[in-house]
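# Mind folding the following:
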Amino acid sequence: MNKSLVSATILAAGFIGLHANATEGGGNVYPNGAEGFMAGALPPQGLYYQNFLNHYTVNKLTDSNGDNSGADINLQATADVSRFIYMTDKKLFGADWGMYTTIPLVHVSGEVAANGVPVLSSTTSGLGDISISPLMLAWHQPNFHYAFALEVTAPTGEYNMNRFANPGRNYWVFTPVFVATYLNNGFEASAKFMYDFNGKNDDTHYKSGQEFHFDYAVGYHLNNYTLGIAGYYYQQMTDDKQNGAVYLDGYKGKAFAIGPALKLDTAAGYSLELRYQSEVSTENKPEGDKFWLKFTTKL
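Modelled structure (predicted):
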């Protein structure tokens, strides 16, 4: 088995579709690029529902230098993610107190080949790992909105260490989150910053490194439309380890994605956001394209 096929096999062994970066199996728990316009402007008191529909295609795996590893890989993933947000009428530190939960449903299929002959292939669907935040604090100023949250992701998704693809990661993740939106005379800049502390996968004795990543969007509001660009940046900060030893020189990943974005706010009170994101620079991870459709409404 050649070096590129080995790298692709390492990736595929734990691949869970839209959650693909470095760390174990090439994946991480958060679907980078999910947030876009008005990310930091949390709504007033009430119950809200968001739906994220995502499709991710991959046909390239990069090495530690960002070059094509030469692996013959084809991966397709579709996810439907539901998020419920509840903003209370309570105040804490001068902020509006809210909470949320995120529930992903994942379908992923993939194939790794050597000399045109399939070596690994798999198709699977199921519930992914559920995230919850009991503490989300939101502050509002005339042109600046921002919020802080503590998020916990539980290993609720199905996992089998011997299977090619898994809906779940099989470890806990703790993530501080900071979101912000600047809005002035129609111009908007929004971002969501996250830092992941990953637990250990007890089945594989693998501990993925800590991860810093952020989604961003820059645009202009014109009546009920917002037009601009959106994407994400990802960098793994600490080494991956297996059985306590550093794995493949740490197997640290990087990624940068960018693409057009369009948001529509309707008179009926719901919004739709459409985004295309191309991963233009990556290291130690798959490289592909993402399509997002986001729906938000008050319940």
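# List the contacts of Tyr220.
Gly186, Phe187, Glu188, Thr226, Leu227, Gly228 (Cβ atoms under 8 Å, 6 or more residues apart in numbering). C-beta: built from backbone N, CA, C; applies to glycine.
# Taking those residues, please make a ChimeraX selection of just the buried ones.
A single ChimeraX command selects the buried members of the contacts of Tyr220 (16 or more other Cβ atoms under 10 Å):
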select :188,226,228
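# so Tyr195 makes contact with Glu211?
Yes. Counting by Cβ atoms under 8 Å, Tyr195 does reach Glu211; the two are 7.1 Å apart.
# Name the residue in these two with the higher neighbour count.
Taking neighbours as other Cβ atoms under 10 Å, Tyr195 and Glu211 compare with Glu211 leading, 26 against 15.
# Tell me the pLDDT of the more buried one.
On the pLDDT scale, Glu211 is placed at 93.
# looking at it, it is touching Pro176, isn't it?
No. The pair Glu211 / Pro176 is not scored as a contact, 11.9 Å apart, by Cβ under 8 Å.
# what do these two both touch?
Met194, Tyr195.
# Could you check how far Tyr146 is from Lys241?
Distance of Tyr146 to Lys241, given as Cβ to Cβ, to the nearest Å: 34 Å.
# what about the helix or strand hosting Asp215, distance to the chain center?
Asp215 is located in strand 211-222, with elements delineated by DSSP states H and E. Centroid separation for strand 211-222 versus its chain: 13 Å, with Cα atoms, centre = their mean, to the nearest Å.
# Name the residues of that strand that come out as buried.
Within strand 211-222, the residues that count as buried by 16+ other Cβ under 10 Å are Glu211, His213, Phe214, Asp215, Tyr216, Ala217, Val218, Gly219, His221.
# The next helix-or-strand element following it pairs with which strands, and in what direction?
Remark: after strand 211-222, the chain's next helix or strand is strand 225-236, criterion DSSP H and E. Paired with strand 225-236 in the same sheet, following DSSP bridges, are strand 211-222 (antiparallel), strand 254-265 (antiparallel).
# Nearest approach to Ala113 belongs to which of the ones you listed?
Closest of these to Ala113 is strand 254-265, at 23.7 Å (criterion: Cβ to Cβ).
# tally of neighbours for the nearest residue to Leu272 once chain neighbours are set aside?
Spatial nearest neighbour of Leu272, chain neighbours left out: Leu264 (4.9 Å); criterion: Cβ to Cβ, 6 or more residues apart in numbering. Residues near Leu264, counting by other Cβ under 10 Å, number 13.
# Leu264 and Leu227 touch, don't they?
No. With contact defined as Cβ under 8 Å, Leu264 does not reach Leu227; the gap is 10.3 Å.
# Do you know the pLDDT at the residue nearest the centre of the chain?
Nearest residue to the geometric centre of the chain (Cα atoms, centre = their mean): Pro31, 1.5 Å. At Pro31, the model reports a pLDDT of 89.
# so which strand or helix has it?
Here Pro31 is assigned to no helix or strand, by DSSP H and E.
# What does it show for phi and psi?
The phi/psi pair for Pro31 (degrees, to the nearest 10) reads phi -80, psi 90.
# I figured it hits Phe52, correct?
Yes. Judged on Cβ under 8 Å, Pro31 makes contact with Phe52 at a distance of 7.5 Å.
# where in the stretch 101-250 of the chain is pLDDT low?
114-115, 164-165, 249-250 (pLDDT under 70).
# Distance to His140 for the strands paired with strand 225-236 - can I get that in JSON lines?
What follows is those, written out as JSON lines (distance: least, Cβ to Cβ, whole Å):
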{"stretch": "strand 211-222", "distance to His140": "17"}
{"stretch": "strand 254-265", "distance to His140": "18"}
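# For the residue nearest to the centre of the chain, give its distance to Glu188.
22 Å.
# try Phe212
Distance, Phe212 to Glu188, by Cβ to Cβ: 23 Å.
# ok, Tyr116 - contacts?
Careful, residue 116 is Gly and not Tyr. Asp72.
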